Structures are given as C-alpha cells and as structure tokens.
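>>> test case, fold it:
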Amino acid sequence: MVGFTRKSANQGLADQFLATRGLKVKEAKTKVVKSTDGFDFLGWNFCVKPNGKFISTPSQKSLKGIKTKVKEVMKDSRFTLEERIDKCEAVVRGWRNYHRFCDMSQHDLWSLNHWVWKFIRKQGRYDRYQTNKVLKKAFPSVKWAACRFINVTGTKSPFDGDLAYWSKRENANYDGITDKVLKKQNHKCAHCGLMFYSGDIAELHHKDGNHANWKANNLEVLHRECHLHQSNHGRRCESEKQVNPDLVDVKLGA
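Here you go, the predicted structure:
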C-alpha cells in the first residue's frame with residue numbers, strides 16, 4: 001500500500017482494507033518506509049529519486065540469487081559442459097525476462113559473465129574465440145524498457161467490479177499471434193464465451209488439431225480447462241496412451 005504521508009500510512013488504512021476481505025497485515029513482513037529510501041518487493045527495488053523520478057531495479061537479493069544459481073548450474077558435474085551452458089541460458093533468459101520492465105542499465109551481469117567465461121576456459125574444451133561465441137548463447141540478451149508496464153487507468157481497482165477492463169489488462173501480458181487472436185475474440189474464450197480474468201491461463205488452440213497449420217481461421221484462444229476438453233486433444237491423448245501404456249487418465253472436476 002502506498003500512502004502520501006507517513007501519517008496516512010500509519011492510520012490503519014491497510015488494516016481496514018484487508019479486514020473487509022477477511023485478511024490481516026502480517027507485522028513481521030510489514031514496515032513503513034519513505035519512497036525516497038526505497039523498498040524491495042517480489043525481487044524488485046522500488047525507489048523515488050530526489051528529482052521525483054520513479055525507478056525500479058532488481059533487488060540485491062535477486063542479484064545474489066541469479067549469481068548463486070548460475071554458479072551452481074555451471075559446477076554441476078552430473079551434466080556435460082554443453083548441457084550446463086544450455087541450462088545457464090534458460091536461467092539467465094528467465095531472470096532477464098522477469099526484470100524486463102526494470103532499469104537494467106547497471107545490471108548487465110558483467111561480473112557473472114566474466115566468471116562463466118573463466119570457468120569455461122578452465123575446462124580446456126574451447127579456445128578464447130569459441131568461448132566468446134558460447135558465452136553469447138549462455139547469456140542471451142533480452143530487450144528491456146524501464147517503467148514501460150501499463151499503468152492502471154485513473155482510480156481503477158480490481159475490486160470495483162469492472163471485469164471487462166481488468167480482463168483486457170490481463171490479456172496485455174500476451175503478445176504475438178495469441179494477442180491478435182485474443183483481440184479478435186474480444187478477450188473471451190472461444191469455447192465457453194467467458195472472459196479471461198487474473199489467474200486464468202490462455203492457450204492457443206488449433207481447431208483441426210494440426211499444429212503445423214497456422215492459418216488465422218484455424219486458430220482460437222481458450223481457457224486451459226476448455227482446451228483440455230477439445231475432442232481432437234482427446235483423440236491425441238488416446239493415441240499417446242496406445243504408444244505409452246504407462247499414461248493414465250486424469251479426471252477433472254466440473
């Protein structure tokens with residue numbers, strides 16, 4: 001919760017807001033800080049600079065975590081060096097994607113990049129030029145744009161009952177062909193006709209079951225639950241069970 005003054009933050013507004021929903025503030029995880037001092041939340045550090053500019057960056061805990069994880073992956077001798085490099089690529093790409101709306105200008109992981117470079121060279125498998133090439137794969141670049149997330153319009157709240165607005169906002173997390181099909185369907189599931197709300201997973205469905213057919217008239221977006229009950233998926237599951245008898249049926253609740 002963000003208050004304009006320390007007094008408003010201390011007036012128990014958060015307690016009142018949560019109490020009506022059967023929740024309460026956990027004192028051990030709650031503190032009041034100045035926006036100019038900054039605070040960490042979900043791996044990000046939020047801070048307002050003296051000039052009034054807001055900035056978000058990866059938290060120190062998040063930075064420490066990615067460094068530890070990459071070193072653990074690279075030192076894991078159960079896998080070949082090539083497999084470890086592939087795992088490192090997945091870890092770094094995921095971390096950078098998560099922080100793509102932060103200011104990453106001072107967080108390019110240069111020191112970690114250099115550590116991995118020296119580690120690969122010590123294995124004696126690659127020369128310096130090959131190592132540089134492999135390193136580009138292990139540390140894929142991801143485009144970032146600080147504070148480019150979509151701001152909430154006016155005084156909108158998830159509790160104001162405007163389901164259409166929040167459904168469209170949630171769907172902004174998708175891109176590419178999924179985003180285009182969602183807009184064409186007016187952000188509604190093509191099977192049940194209900195909107196996609198926070199927490200719903202939207203999946204792209206090929207009507208004819210042919211995943212090589214990417215024609216626009218063969219694509220639709222469904223809730224994951226609706227997607228699982230499509231007839232062509234049922235036929236595919238049956239064929240998979242004939243090939244692999246160890247597969248078992250999973251009955252979903254209504």
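>>> all contacts plus neighbour counts: C-alpha atoms, from now on.
Will do.
>>> buried residues, stretch 46-60. List them.
Phe46, Cys47, Ser56, Thr57, Pro58, Ser59 (16 or more other C-alpha atoms under 10 Å).
>>> any low-confidence regions in the chain?
Across the chain, the ranges flagged by pLDDT under 70 are 1-12, 149, 163, 171-173, 175, 232-254.
>>> CA atoms only: put the longest helix along it into CSV for me.
Using DSSP state H to define each element, the chain has its longest helix at helix 81-98. Provided in CSV are the C-alpha atoms of helix 81-98 (Å, rounded to 0.1, in the frame of the first residue of the first chain):
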residue,chain,number,x,y,z
LEU,A,81,29.5,-28.7,-20.3
GLU,A,82,27.2,-28.2,-23.3
GLU,A,83,24.2,-29.1,-21.2
ARG,A,84,25.3,-26.8,-18.4
ILE,A,85,25.6,-24.0,-20.9
ASP,A,86,22.0,-24.7,-22.1
LYS,A,87,20.8,-24.6,-18.5
CYS,A,88,22.6,-21.4,-17.9
GLU,A,89,20.9,-19.9,-20.9
ALA,A,90,17.5,-20.8,-19.6
VAL,A,91,18.2,-19.4,-16.2
VAL,A,92,19.6,-16.1,-17.4
ARG,A,93,16.9,-15.6,-20.0
GLY,A,94,14.2,-16.2,-17.4
TRP,A,95,15.8,-13.7,-15.0
ARG,A,96,16.1,-11.0,-17.6
ASN,A,97,12.6,-11.5,-18.9
TYR,A,98,11.2,-11.2,-15.3
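>>> name the helices or strands packed onto that helix?
Contacts defined by 3 or more C-alpha pairs under 8 Å, 6 or more residues apart in numbering; DSSP states H and E place helix 81-98 against helix 60-75, helix 128-138.
>>> what's the shortest one packed up against?
For helix 128-138, the contact count by 3+ C-alpha pairs under 8 Å, 6+ apart identifies helix 81-98, helix 110-122 as packing neighbours.
>>> what's whichever helix or strand comes after that helix in contact with?
On the C-terminal side of helix 128-138, the closest following helix or strand by DSSP states H and E is helix 163-171. Outside helix 163-171, the residues that touch it by C-alpha atoms under 8 Å, 6 or more residues apart in numbering are Pro158, Asp179, Leu182, His187, Met195, Phe196, Tyr197, Ser198.
>>> what about the closest residue to the first one other than its chain neighbours, distance to Tyr126?
Nearest-residue entry for Pro158: Trp166, 7.0 Å, with adjacent residues in sequence omitted and distances by C-alpha to C-alpha, 6 or more residues apart in numbering. In this structure, Trp166 lies at 51 Å from Tyr126, with C-alpha to C-alpha, to the nearest Å as the measure.
>>> repeat that for Pro50.
Distance from Pro50 to Tyr126, by C-alpha to C-alpha: 48 Å.
>>> same check on Lys31?
The gap separating Lys31 from Tyr126 is 50 Å, by C-alpha to C-alpha.
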